[in-house]
Structure formats: C-alpha cells, structure tokens
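Novice: this one's sequence-less:
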C-alpha cells in the first residue's frame, strides 16, 4: 500500500459574498403544514436543537420522507405537489402513505440504491425498507442499533452502491462502520465531521484540524491541513476555538468544510466556509499523485451569525413543506426543470 501523503493548500482566496443569477426558485404551490393546525405546538427543544436532516427525496420511488416531532412521514411526491396547489387547506399528514412513531428523529438518510431508510433519534438508528413503507400498513424496522457509550448519533452516511454499508458518527467523535442487520464497529476517534464521495467509495473526515481522505476500507490516502490563514491569529488564541461541524464532498475535486468560531464561553461568534479544490487530480488520485498538494481554497467568513437565527429558520421550515421549481436563467433548453426539492 502506498504511503499516505500530507498535503497543504497552495493558494487561499478570499471568497466573494455575491449572489448568483444562474437560478430562480419559484413556489410551485402554497406552503403546506406538516401537521394539522390544531396539533399541540412542538416542544421548545426542537427550536433549540432542530433536526439536522429532516427530509429525503427518493426519485426512484417518487416519494418524500419528512421528519416531525413524533416521528416521520412518507408521502408520494406527485400527491404532495397536488396538495400544495389544491384549494383545500390540509396538511402533509392527511395525504401521507405512512406515519411512523419515532420521537426525536434528528436525521433521515436514504441508501444509495434508495431501498433502505435510516431514521436516527438520540443514540438509536432504525432501518426501514422504503418499498414496505409505501405498500404496508404496519411497518416494523428491519434492524436497529444504538451507538456505544452515551453519545447521540450526529451523522449517518451510506457507502458504495453495491453494498448496504454505512458510516455513523456519534457526537463524542467516535466514527464506526456497519451494515444493515449488524451493529456498527468502531474505527476512529476524535472525528468532528464526515461525508462520502458520490459513489461512496471514499470517505472524508475532519480530525485534529485536518481533512483526511480514507478508502472505504479505512486506509488513509492523504491528509490536508485545515483552517484559514485569515483566522490564524484567533486560532492561536487560548480564548478562541475552531470547531468543524460540516463536510460536504460536492464534487470529485471539491470538498466544502464548515467551521464555527467559539469564544471562551462556547458561543459562536462567526462561521467560516472553505471550498477546497484538489487541482487537476480528484481527491481519489491526489494521495497517489506526484503533485505538491491542493491547488486552491476559497474561504468565506461570516461574523455575527447566531445559532438562534439559524435554528429559527430551520424550525420554521421544519413545520411546513414548500414546493419549488427552479428556472435555469442561462439555459435555452426549457423554462423550468422538473420538480427539484421540497423543504
């Protein structure tokens, strides 16, 4: 096996905060509440700690899964779009195919082949067959597990299309790998965030101020030092800490890293987003390449962002479903794309 390489970012560019004119989002119908308007208000904890990922869309099965305070619902995409255009004032729960009880669901994750759904709440994850959710009235999970120790599940990502393997990260930094039907096995500690490439064959983790690229067998391919030179003075200060809370492997050659700047009281004072590009090689190849390292990094810094503002935005979206179409202003092919997203 080739020795993993330590890489550095050769150029860092201050990213511009400019809005784009490439796309226009337009509502395809009126917002529709998830639950009846007569339902009791959601607990305060959902405002303080909103779900990390309360929605997934299955294109293969033409369905949408939405988390709510007491569990999650499955609804046909076409029917949901029709309901948003109907004159009747209803809710998603009225037209859903299934409504499962699982209080405290924080994230939903759909397998690469869209056959399995993982629903996570606290330290527990439950797996369901999506076909069963769409056809059976009384659906039970095909399997479940709890993370080790007393941690809660922070992230669950599916690996390759050819398997039902997944990685799961708990909020105490323990990264494990598992397969549907079996409990996950611990692989790595002190992990802040994790994501997989599009085909699930490689894994990116943030660990000890570095971005580490791993194979699906957890063999290290390369390691890239993180954090912006623009924050170098703050990073060296004992009163300020930088915590990575997001990794998004958006393209084979581009990874987005989100970091929160915490003061001595543990409160967020700013947010930094880095878009790291690997240059001519993809991140699969850069660890074996003779190139010197990553070619470019765009850095975006936002000061004064409070967790309350972010939480309220997600909480508002969490209570309603909105249907959007996207107009491609630069395309001459068609005015509208197909149905794009439900939030």
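Specialist: Yes, it's here. In this text the structure is predicted, and so the values were computed from the model without any measurement.

Novice: Every contact and neighbour count from this point should use C-alpha atoms.
Specialist: Will do.

Novice: Please state the offset of stretch 76-89 from the chain centre?
Specialist: From the chain centre to the centre of stretch 76-89 is a distance of 26 Å (CA atoms, centre = their mean, to the nearest Å).

Novice: cool, and stretch 57-72?
Specialist: 15 Å.

Novice: so how far is the first residue of that stretch from its last?
Specialist: Here the two ends of stretch 57-72 are set 13 Å apart, with distance taken as CA to CA, to the nearest Å.

Novice: Begin at 56, not 1, for the rest of this chat.
Specialist: Shifting the count to begin at 56 puts that one at stretch 112-127.

Novice: That stretch - what's its average pLDDT?
Specialist: Averaged over stretch 112-127, pLDDT sits at 91.

Novice: For that stretch, give me every contacting residue.
Specialist: Applying CA atoms under 8 Å, 6 or more residues apart in numbering, the external contacts of stretch 112-127 come out as 89, 97-98, 101, 109-111, 128-133, 154-163, 165, 169, 186, 373-374, 396.

Novice: try it again with 6 Å
Specialist: 109-111, 128-132, 154-158, 160 (CA atoms under 6 Å, 6 or more residues apart in numbering).

Novice: Stretch 198-216 now?
Specialist: 166-167, 177-182, 220-227, 236, 238, 254-256.

Novice: how about the strands in the stretch 56-205 of the chain?
Specialist: 60-62, 67-69, 78-82, 87-88, 110-113, 118-123, 126-131, 153-156, 162-165, 171-176, 179-184, 198-201 (DSSP state E, counting those that start in this stretch).

Novice: which residue sits closest to the residue nearest the centre of the chain, ignoring its sequence neighbours?
Specialist: Central residue check for the chain by CA atoms, centre = their mean: the C-alpha nearest the mean position is that of residue 108, 6.1 Å away. Spatially, and ignoring its direct neighbours in sequence, residue 108 is nearest to residue 162 (4.3 Å; CA to CA, 6 or more residues apart in numbering).

Novice: Just give me the neighbour total for the one you found.
Specialist: Summarising burial for residue 162: neighbours were counted as other CA atoms under 10 Å, giving 25.

Novice: Who does it form a beta bridge with?
Specialist: As for beta bridges, residue 162 partners with residue 108, residue 175 under DSSP bridges.

Novice: if I read this right, it contacts residue 110, doesn't it?
Specialist: No - using CA atoms under 6 Å, residue 162 makes no contact with residue 110, being 7.7 Å away.

Novice: related to what we said a few turns ago, can I get the strands of the stretch 56-205 of the chain in JSON lines including distance to residue 146?
Specialist: Output for the strands of the stretch 56-205 of the chain, formatted as JSON lines (distance: least, CA to CA, whole Å):
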{"stretch": "strand 60-62", "distance to residue 146": "51"}
{"stretch": "strand 67-69", "distance to residue 146": "44"}
{"stretch": "strand 78-82", "distance to residue 146": "17"}
{"stretch": "strand 87-88", "distance to residue 146": "5"}
{"stretch": "strand 110-113", "distance to residue 146": "16"}
{"stretch": "strand 118-123", "distance to residue 146": "12"}
{"stretch": "strand 126-131", "distance to residue 146": "11"}
{"stretch": "strand 153-156", "distance to residue 146": "13"}
{"stretch": "strand 162-165", "distance to residue 146": "20"}
{"stretch": "strand 171-176", "distance to residue 146": "22"}
{"stretch": "strand 179-184", "distance to residue 146": "24"}
{"stretch": "strand 198-201", "distance to residue 146": "30"}
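
Novice: can you tell me which of those the model trusts least?
Specialist: Note on the strands of the stretch 56-205 of the chain: strand 78-82 shows the lowest mean pLDDT, a mean of 69.

Novice: Tell me the pLDDT of the residue lying closest to residue 178 once chain neighbours are set aside.
Specialist: Nearest residue to residue 178, sequence neighbours excluded (CA to CA, 6+ apart): residue 207, at 4.1 Å. Residue 207 is assigned a predicted lDDT (pLDDT) of 93.
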